[in-house]
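> Predicted model follows, preceded by the sequence.
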Amino acid sequence: DAGEWAAARTALRRGDYHGAHRAIARHLALRRSAFPLDPKDLARLAGTVRETFPGAARDAAAGAASIHAGCYDILGYEGVNAGAEIDWHRDPVHRRRAPARGHWASVRYLDPACGDHKVIWELNRHQHWLSLGRAFALTGDRSHYDLFRRQLETWLAQNPPLTGANWASMLELGFRTLSWLWGMAFFAGAAQEDGPEDAPWLVDALHGIDAQLEHIARNLSFYFSPNTHLTGEALALYVAGSVLPEMREASKWARLGRDVLLREAERQIRVDGGHAELSGHYHRYSTDFYLLALTVARRAEDPAAAAFGDAARQQARYLRTIADDAGRRPATGDDDGGQLFPVCGRESHDCRDTLAIAAILLDEPALALGAAPEEAFWLCGERALRLAPGAVAAWPSAALRDTGYYVSRNAGGDHLLFDAGPHGFMNAGHAHADPLAIVLTVGGR
């Protein structure tokens, strides 16, 4: 709604940040969004999820309770106690701390004395906010909203722009920005009820998104990690630029992100549909990247949707081939357990959500392994209802010669993957020296 956005700008000019916050909240609740989760559709969608998955609200509340208790699952470490008030520079596993001050490029984040930077960064991706948003949408419990706001404000206070370890990786900024967009989608409606005593978090969030995306745009990983790091960063630019067209630099972000994603689809996706890094885990990441880009492009009426769809389809078919009939991808290559969309706490080797989302978006039901899981509803909306439960469609064996995987399967669901291919991509950063390895599923095991 242009009137509410104009009201927000007027309020900002006179220093009325709370007035601007409420006007932005109304604007987000009224206008059509290119983001997969549209705030104005949230209440209806939450009702559909509760009806379709009777245990979802209880499950979401339990997951959020762990977050309220300060306990997180981080890169294979389960129930890590990060504290009720998080120190965003602390590694809670090894109990060490990275520098909170100093220019981002001078931070020695690889020094073990600073802790494990990946543990720190994983918590700073803020992907647990998706779990808080899910719990809020399904239960109406505003304590989840309160915790989200409190964590956002403490993060901003502890991480001034371009300062400290949490500004050192462009991919981490990209993933964090996507989490903030999910947070805005889940909580914009609640923000309309905020009072003058509440922090104007929407103003702060937009300012933070602007700073992070400008930093990414100036430092894309063309040289350091031109693999899924680069496409993940480009995805954040494209999605945020398309979803927040009101922002001054939005068209630049969207254009830059689009160009990189289209170019890298030609470079990183091989002819057989496999990701060039030869890692089942990173292949799934790349598939999710292009599925999200496709969703946003369609909602934004961007002609690039056709190319994003082609890239997503190639990778989704490949993922269906290398995964067994329970949706488990093979543990070939690197695997850090991370995900693009961890809203329901699914194990990272379980790709049924990605395959269901691909089946819906690409209108290819054979990709799915049964009815749509809950994740598909949050990303695809009520279109997920079209994916009816039923027998798993037969999927053929395949010789994936470009990536060097050979897959044999039978009608009973037994599945064999044989790695007889080359060693990775460029410096093979995410591949393993595992030629001749096999992954076998027999009788579901």
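Noted; the coordinates are in hand.
> Below-threshold pLDDT in this structure: ranges please.
Along the chain, the parts satisfying pLDDT under 70 run over 1.
> Give me the helices and strands touching the helix ranked longest in it, please.
Longest helix in the chain, counting residues (DSSP state H): helix 170-191. If contacts are counted by 3 or more CB pairs under 8 Å, 6 or more residues apart in numbering; DSSP states H and E, helix 170-191 sits against helix 17-30, helix 42-52, helix 117-124, helix 128-139, helix 142-158, helix 201-218, helix 228-243. Every residue, glycine included, has its C-beta placed from N, CA and C.
> Give me the buried positions along the first one.
Going back to what we said before, that points to helix 17-30. 17-29 (16 or more other CB atoms under 10 Å).
> And these, which is closest to Ser131?
Leu28 (20.9 Å; CB to CB).
> So what does the closest residue to Arg97 other than its chain neighbours look like in phi/psi?
Nearest non-adjacent residue to Arg97, counting by CB to CB, 6 or more residues apart in numbering: Arg90, 4.8 Å away. When read as degrees, to the nearest 10, the backbone of Arg90 gives phi -100, psi 140.
> so how many other residues sit close to Glu85?
Neighbour count of Glu85, defined by other CB atoms under 10 Å: 9.
> That one against Trp155, yeah?
No. Applying CB atoms under 8 Å, one finds Glu85 not in contact with Trp155, separated by 11.4 Å.
> residues contacting Tyr285?
Thr228, Gly232, Gly338, Gln339, Leu340 (CB atoms under 8 Å, 6 or more residues apart in numbering).
> could I get the helices and strands packed on helix 170-191 as JSON lines with distance to Asn427?
Listed next are those as JSON lines, based on distance: least, CB to CB, whole Å:
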{"stretch": "helix 17-30", "distance to Asn427": "42"}
{"stretch": "helix 42-52", "distance to Asn427": "43"}
{"stretch": "helix 117-124", "distance to Asn427": "19"}
{"stretch": "helix 128-139", "distance to Asn427": "32"}
{"stretch": "helix 142-158", "distance to Asn427": "33"}
{"stretch": "helix 201-218", "distance to Asn427": "22"}
{"stretch": "helix 228-243", "distance to Asn427": "13"}
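> Quick one: closest of these to Glu382.
helix 42-52 (5.6 Å).
> Do I have it right that His126 meets Gly183?
Yes. With contact defined as CB under 8 Å, His126 counts as touching Gly183 (7.4 Å).
> count of neighbours near the nearest residue to Ala411 once chain neighbours are set aside?
Closest residue to Ala411 apart from its sequence neighbours, by CB to CB, 6+ apart: Ala394 at 6.8 Å. Neighbourhood size, Ala394 [other CB under 10 Å]: 10.
> same deal with Thr139?
18.
> distance of Asp350 from Gly412?
21 Å (CB to CB, to the nearest Å).
> Looking at those two, which is more packed in?
Neighbours were tallied for Asp350 and for Gly412 using other CB under 10 Å; the higher tally belongs to Asp350 (18 against 10).
> Out of the helices and strands packed on helix 170-191, which one sits most buried?
helix 228-243 (a mean of 26; mean count of other CB atoms under 10 Å).
> and the following helix or strand past it, what does it pack onto?
Sequence-wise, the next helix or strand downstream of helix 228-243 (DSSP states H and E) is helix 250-268. If you count contacts as 3+ CB pairs under 8 Å, 6+ apart, helix 250-268 packs onto helix 201-218, helix 228-243, helix 280-299, helix 305-322.
> and the direction of helix 250-268 versus that of helix 280-299, what angle?
140 degrees (axes from the mean of the first three to the mean of the last three CA atoms, to 10 degrees).
> Format the CA atom coordinates belonging to helix 250-268 as CSV.
Taking Å, rounded to 0.1, in the frame of the first residue of the first chain, the C-alpha atoms of helix 250-268 are listed here in CSV:
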residue,chain,number,x,y,z
ALA,A,250,16.4,-3.0,-4.5
SER,A,251,16.6,-3.0,-8.3
LYS,A,252,20.4,-3.2,-8.2
TRP,A,253,20.3,-6.1,-5.7
ALA,A,254,17.8,-8.0,-7.7
ARG,A,255,19.6,-7.5,-11.0
LEU,A,256,23.0,-8.5,-9.6
GLY,A,257,21.6,-11.5,-7.9
ARG,A,258,19.6,-12.6,-11.0
ASP,A,259,22.7,-12.3,-13.2
VAL,A,260,24.9,-14.3,-11.0
LEU,A,261,22.3,-17.1,-10.4
LEU,A,262,21.7,-17.4,-14.2
ARG,A,263,25.4,-17.5,-15.0
GLU,A,264,26.2,-19.9,-12.3
ALA,A,265,23.4,-22.3,-13.3
GLU,A,266,25.3,-22.8,-16.5
ARG,A,267,28.6,-23.2,-14.7
GLN,A,268,27.7,-25.2,-11.6
